[in-house]
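In: Structure here, sequence nowhere to be found:
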């Protein structure tokens, strides 16, 4: 369902940012790719959106996007939420690029809160919007100290968070923004995606870029890089599971959202990844038609 | 006879810097030799330096000159020049000091207070406890007090606990700083027995006693401190 | 009051002859301004030894402690530490990562204010467990078991394991800080006025606990205190500091009972007798 290419609006440079800025951000990205998981500071620019609406991801997208790219933007797995729609339109207008809602067709995917269910391919780039890039922040407020902890690989304190979970809830209750170790070296926050998505980061064929607009940090996971979720030997990492299946496509293996359907509290579970759900529903219908014939 | 303590030419003066720098000499060229199985009682007027000498023998006071050698096995160790940890090692197994005052450690029960020096030497707990109980019984410390901290005891009870503690280890050298002061006659007799037992196992003993009867019961030699 | 019979027990004192110092300090100096800091300090600390640094506020005690424990780079001098893992180290010649590694494994630091040494926003169990996790322990049940053992060792009820330190009294917080430090079995502990902020009644308990732990574990300790009673109870040896300089050193009871330097005499005579 790709939309036809729009013409770029007058008065703005391609993809909004000036070329100098893009070069600066690309240098930061290159460094981030070279040191997987390491947070590279960059001179973040003001974007015509408030912080917290994905300005970090947008600056990364603006710096890597080209005229022949096809952009998909998702928010909570959906292509049709306000944030996703406005960012998609922003690039359609300022870069005149083609946009799509299909994961398979996209060359660039800017995301907030989810990794698409459909496995990504080498050549695709997944760009995460990151609110708080520092995984050690909860335990150490000083930036000078967290930098040192990363430099010296002092990550024992990070385990404290998981310890507290098990002590309080009997299991590791952290379910979003679950810390990972990248390439056996740097501790990284995968941004507030559900830990359900963490295994997808490991060895992903696509390039993963992370942009934090407010704290002005960029980090990256190059294709096929090892990404391990922290855990204890006796409390291993586990992802969420549902007893229900998707009410629309019947999927029993994707990340489900609970939807309240009426005032009586009726509810149903549906795939959070709208593109994946539609694709499955469509192939279900085709299957059914074939069977009828 | 083996020489256990060898004091030569010891000088000791005190300078009170905060009282106009007043300085007075207490020991001048002091000499003293004590053999094993010998009990020497220091004699002299109050202020003559008996206690100062005894404290110097324990390295509790520093001296200005001369040497103080204590036997540690086959070796003589000059405690006026030895390193602090060497002196601490000597105090653990070689030289004991018994005064009439107990320094109370809060919360520690009497039995533990008495056992501690022997426990520190790595002796089995049961052995330490048996010996401590024996000493406390002999010194008439009622059994019901053993599990309590001596911090609440009367002065006399504390003193006897301290004596039990002082005799728990069979030190080859024993320094006794008026341990019998203000004890009643029956307990004084127990202390005399303890001293004589220590002497019998070969300990070299230097003591200060005000009671004439104790002095006579234990002393092999009286040494006049002014004549040192 | 004559108190010389009561000396802190020293483990290992048998081996005094062959032992090498754990820490050798050579001409250490750190000055912020003339007279502010510490100058030209040298000493050896042997395994199992407790060294007390005494002196009034501003005498340079804490500056010295920070320089010794790799938290403050000195202007001059060397601190040589014989490490179990890394052999002989000249602390300030080596990498910072090494110093920090020592700090969470072979060393412990007990701060005067528990909040400087504890994480107030995580549970007591996590506070103790952190050092274990920092040295690679990844088995939750094991970490929790060790935390319980150490809570008991410092006389905190095991049922408080999931409470935050902010719910503890001052004395309990200080004992928790000690447990947090000792869980990795360090060899050398630095203490800065560990009883400083506590009520007298609470102090006694803490002192007694410290004294026993130090003897049982054969710890080497450098303890800064202005309280001579604390020094007498814990330290084998004293170093008296005044205006950034060491004015007197020696056996604890010798320094306190027969002080030589005018300043030490003043310090000792200023104590109220009871």
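Out: Alright, I've got the coordinates. What you see is a predicted model; the values in this text were computed from it and never measured.
In: In the stretch 101-250 of chain A, which residue sits nearest chain B?
Out: Nearest residue of the stretch 101-250 of chain A to chain B: residue A:167, at 31.4 Å (C-beta to the nearest C-beta). For every residue, glycine as well, the C-beta is placed using N, CA and C.
In: ok, now which ones touch that residue?
Out: C:123, C:125, C:126, C:144, C:161, C:162 (C-beta atoms under 8 Å, 6 or more residues apart in numbering or on different chains).
In: Recalculate using a threshold of 6 Å.
Out: Residues in contact with residue A:167, defined by C-beta atoms under 6 Å, 6 or more residues apart in numbering or on different chains, are C:123, C:125, C:162.
In: ChimeraX command to pick out the buried ones of the residues you listed?
Out: Typed into ChimeraX, the line below selects the buried ones among the contacts of residue A:167, using 16 or more other C-beta atoms under 10 Å in any protein chain shown:
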select /C:123,125
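In: Now, the contacts of residue A:167 that are in helices?
Out: residue C:125 (DSSP state H).
In: will you turn the contacts of residue A:167 into a markdown table that also has distance to chain A and pLDDT?
Out: Formatted as a markdown table, those follow (distance: C-beta to the nearest C-beta, whole Å; pLDDT from 0 to 100):
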| residue | distance to chain A | pLDDT |
| --- | --- | --- |
| C:123 | 6 | 96 |
| C:125 | 6 | 97 |
| C:162 | 5 | 97 |
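In: hmm, back to that, surely the residue of the stretch 101-250 of chain A closest to chain B is within a helix?
Out: Yes: the assignment for residue A:167 is a helix, going by DSSP: H, G, I helix; E, B strand; the rest coil.
In: Is stretch B:9-23 positioned near chain C?
Out: Yes: part of stretch B:9-23 sits near chain C under the criterion C-beta under 6 Å from any C-beta of the partner chain, namely B:17, B:18.
In: ok, residue B:77 to residue C:141 distance?
Out: 51 Å (C-beta to C-beta, to the nearest Å).
In: who has more neighbours, those two?
Out: residue B:77 (19 against 12; other C-beta atoms under 10 Å in any protein chain shown).
In: can you list the residues of the stretch 151-274 of chain C near chain B?
Out: So the stretch 151-274 of chain C meets chain B at C:204, C:208, C:236, C:237, C:251, C:253, C:254, C:257, C:258, C:262, C:265, C:266 (C-beta under 6 Å from any C-beta).
In: what about residue C:166, neighbour count?
Out: 10.
In: for residue A:243, that is, sorry about that
Out: Residue A:243: 6 neighbours (other C-beta under 10 Å).
In: before we move on, back to that, for chain B, state which of the contacts of residue A:167 is nearest.
Out: Closest to chain B, out of all of those and judged by C-beta to the nearest C-beta, is residue C:125, at 26.3 Å.
In: Settle this for me: the closest one is touching residue C:147, isn't it.
Out: Yes: using C-beta atoms under 6 Å, residue C:125 makes contact with residue C:147 at a distance of 4.3 Å.
In: so what secondary structure elements neighbour the host helix or strand of residue B:197?
Out: Assessed by DSSP states H and E, residue B:197 sits inside helix B:185-200. When contacts are defined as 3 or more C-beta pairs under 6 Å, 6 or more residues apart in numbering or on different chains; DSSP states H and E, helix B:185-200 sits against helix B:212-218.
In: after the helix it packs on comes which helix or strand?
Out: strand B:221-224.
In: partner strands of that next one, parallel or antiparallel?
Out: Strand B:221-224 sits in its sheet next to strand B:39-43 (parallel), going by DSSP bridges.
In: what mean pLDDT does the strand it pairs with have?
Out: What strand B:39-43 shows for mean pLDDT is 95.
In: burial count for the residue in chain B that chain A sits nearest to?
Out: Chain B approaches chain A most closely through residue B:107 (31.4 Å), counting by C-beta to the nearest C-beta. The tally of other residues near residue B:107 (other C-beta under 10 Å) stands at 13.
In: Residue B:52 against residue B:26, yeah?
Out: Yes: the pair residue B:52 / residue B:26 is scored as a contact, 4.9 Å apart, by C-beta under 6 Å.
In: Alongside chain C, which residues does chain B contribute?
Out: B:17-18, B:60-62, B:84-89, B:92, B:97, B:99, B:101, B:103, B:106-107, B:120.
In: remind me, longest helix of chain C?
Out: helix C:200-217.
In: For residue C:206, give me its contacts.
Out: Contacts of residue C:206 by C-beta under 6 Å, 6+ apart are C:174, C:195.
In: now do 7 Å
Out: Shown in contact with residue C:206 (C-beta atoms under 7 Å, 6 or more residues apart in numbering or on different chains): C:171, C:174, C:175, C:194, C:195, C:198.
In: Which of these fall within helices?
Out: Short answer: the contacts of residue C:206 in helices (DSSP H) are C:171, C:174, C:175.
In: list the contacts for the first one?
Out: Listed by C-beta under 7 Å, 6+ apart, the contact set of residue C:171 reads C:198, C:202, C:205, C:206.
In: what do you get for the second one?
Out: Neighbouring residues of residue C:174 by C-beta under 7 Å, 6+ apart: C:114, C:194, C:198, C:206.
In: quick one: which of those has the most company?
Out: Busiest of the contacts of residue C:174 [other C-beta under 10 Å] is residue C:194, holding 27 neighbours.
In: That one reaches residue C:111, doesn't it?
Out: No: between residue C:194 and residue C:111 there is no contact under C-beta atoms under 7 Å: 8.2 Å.
In: I only care about the residues of chain B next to chain C that end up buried; give me the ChimeraX line for that.
Out: A single ChimeraX command selects the buried members of the residues of chain B next to chain C (16+ other C-beta under 10 Å):
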select /B:17,60,61,62,84,85,86,87,88,89,92,97,99,101,103,120
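In: Just say helix, strand or coil for residue B:161.
Out: helix.
In: how close does the nearest residue to it once chain neighbours are set aside get to chain C?
Out: Excluding the flanking residues, the one nearest residue B:161 by C-beta to C-beta, 6 or more residues apart in numbering or on different chains is residue B:150, at 4.9 Å. According to C-beta to the nearest C-beta, to the nearest Å, residue B:150 stands 12 Å off from chain C.
In: repeat for residue A:12
Out: From residue A:12 to chain C the distance is 46 Å (C-beta to the nearest C-beta).
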